[in-house]
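**Q** sequence and predicted model, in that order:
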Amino acid sequence: MAFSATGLALVAGSKAGNAPQIWAYQSADAIATVNTTGYFNDAASLMKVGDLVYVYDTATPTANLVVVLSNTGTVVDVSDGTSISVADAD
């Protein structure tokens, strides 16, 4: 699939514009798709290097944290992601 702006929400942003922002992103795309260079290109005008994105895959479900590593203004690249356990053993 592809990035969908309807799945992206700003959770916390810097009023001064200097601190990293925190985003939440939800889609049916696996983290291997979401962490591909260019996936967030349509949000290039919103995201800054250092921003944190909580990514929730509704299909699996899985959750990961990724960091915006680079943004040329048109091409966004994020880290591979750190998995957050969504297991429930009880």
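**A** Received it, and whenever you're ready, just let me know what you need.
**Q** which helix or which strand is home to Val53?
**A** strand 52-57 (DSSP states H and E).
**Q** now do the lengthiest strand in the chain and strand 52-57, the angle between them.
**A** Ranked by residue count under DSSP state E, the longest strand found in the chain is strand 62-71. For strand 62-71 against strand 52-57, the angle by axes from the mean of the first three to the mean of the last three Cα atoms, to 10 degrees is 140 degrees.
**Q** in strand 62-71, what counts as buried?
**A** 62-64, 66-68, 71 (16 or more other Cβ atoms under 10 Å). To be clear about C-beta, it is placed using only N, CA and C from the backbone, and glycine gets the same treatment.
**Q** just those now: which is nearest Tyr56?
**A** Using Cβ to Cβ, Ala63 is the member of the buried residues of strand 62-71 that sits closest to Tyr56, with 5.1 Å.
**Q** report the contact partners of the residue nearest to the spatial centre of the chain.
**A** Geometric centre of the chain, nearest residue: Val53, 3.6 Å, by Cα atoms, centre = their mean. Neighbour list for Val53: 22-25, 40, 47, 65-68, 78 [criterion: Cβ atoms under 8 Å, 6 or more residues apart in numbering].
**Q** re earlier: I'd like the buried residues of strand 62-71 laid out as JSON lines, including pLDDT.
**A** Output for these, formatted as JSON lines (pLDDT from 0 to 100):
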{"residue": "Thr62", "pLDDT": "94"}
{"residue": "Ala63", "pLDDT": "97"}
{"residue": "Asn64", "pLDDT": "97"}
{"residue": "Val66", "pLDDT": "98"}
{"residue": "Val67", "pLDDT": "98"}
{"residue": "Val68", "pLDDT": "98"}
{"residue": "Asn71", "pLDDT": "97"}
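**Q** with that, I have no additional questions.
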